[in-house]
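Got a predicted structure plus its sequence, pasted below:
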Amino acid sequence: MWSTIAAERGALADDLAGLTESQWDTTSLCTRWSVRDVLAHLTGAASLTPVTFVKEIAGARFDFDRFADRRIAKHRGGSPTETLENFRAKQHSTSSPPGPKLTWLGETLVHAEDIRRPLGIQHSYPTDAVRELMDFYKSSNTLIGTKSRIAGVTLEATDADWTHGSGPRAEGPIASLMMVGTGRHEALAELTGDGVEVLRGR
């Protein structure tokens, strides 16, 4: 898993190397944050250990938004160039906060799409990694709420051997299913079937 994460971090850094100042300020799919902010968030996550996580979340009075914003400010740097350099420095990091390790694969892939999609950058993610991630998300409501979001809908990948659920169908690329499952409605346009409208209402 960590080798996949390192490769995907490197690919993302390469994709962002030529961005203009205005592109760095583009609003990401995490609408509170710009593209540059999300990259700093990824750097911050790759810098945490269980001990530092507990210390810093307690310092933020267990307010996750405050905690995340402080981490972004710490790792954003004084310029987009520095933001990117900080991220590249953590490409091979295997540090993470407490929790299931697949969470950090999801953090890497989903946030990479949060950055790439508003910029119009296309990227092919490793199918096995996305499939493993969807198998993890489909049964979990922790933080992201995927289990409840996709309940009562049959999801079927059109580019991979993966399906889940029962009820009206929603079909599309597995990376699009990943984004919809994690609450990114922008990816619904890439799905077809009666289940799409069910998902749109959630």
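It's in.

Show me this structure divided up by domain.
If you go by automatic domain parsing, the domain ranges for the chain are 2-119, 127-200.

Buried residues, the lengthiest helix in the chain. List them.
Secondary structure of the chain per DSSP state H: the longest helix is helix 102-119. Going by neighbour count (16 or more other C-beta atoms under 10 Å), the buried part of helix 102-119 is 102-118. No exception for glycine: its C-beta is placed from N, CA and C like everyone else's.

That one packs against which elements?
Contact partners of helix 102-119 among helices and strands, from 3 or more C-beta pairs under 8 Å, 6 or more residues apart in numbering; DSSP states H and E: helix 2-16, helix 35-45, helix 127-137, helix 174-181.

With respect to Leu191, which of those helices lies nearest?
Evaluated over these, closeness to Leu191 peaks at helix 174-181, with 6.1 Å, by C-beta to C-beta.

Give me the distance from the closest one to the chain's centre.
Relative to its chain's centre, helix 174-181 lies at 11 Å (C-alpha atoms, centre = their mean, to the nearest Å).

For it, give the mean pLDDT please.
What helix 174-181 shows for mean pLDDT is 98.

C-terminal to that helix, which secondary structure element comes first?
helix 195-200 (DSSP states H and E).

residues in contact with that following helix?
Helix 195-200 is contacted from outside by 149-150, 152-155, 167-170, 180, 185, 188, 191, using C-beta atoms under 8 Å, 6 or more residues apart in numbering.

Out of those residues, which end up buried?
Listed as buried from the contacts of helix 195-200 are 149-150, 153-155, 169-170, 180, 188, 191; burial here means 16+ other C-beta under 10 Å.

Adding distance to Ala58, write these out as JSON lines.
Listed next are the buried ones among the contacts of helix 195-200 as JSON lines, based on distance: C-beta to C-beta, whole Å:
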{"residue": "Arg149", "distance to Ala58": "30"}
{"residue": "Ile150", "distance to Ala58": "33"}
{"residue": "Val153", "distance to Ala58": "38"}
{"residue": "Thr154", "distance to Ala58": "42"}
{"residue": "Leu155", "distance to Ala58": "38"}
{"residue": "Arg169", "distance to Ala58": "45"}
{"residue": "Ala170", "distance to Ala58": "40"}
{"residue": "Val180", "distance to Ala58": "34"}
{"residue": "Leu188", "distance to Ala58": "38"}
{"residue": "Leu191", "distance to Ala58": "40"}
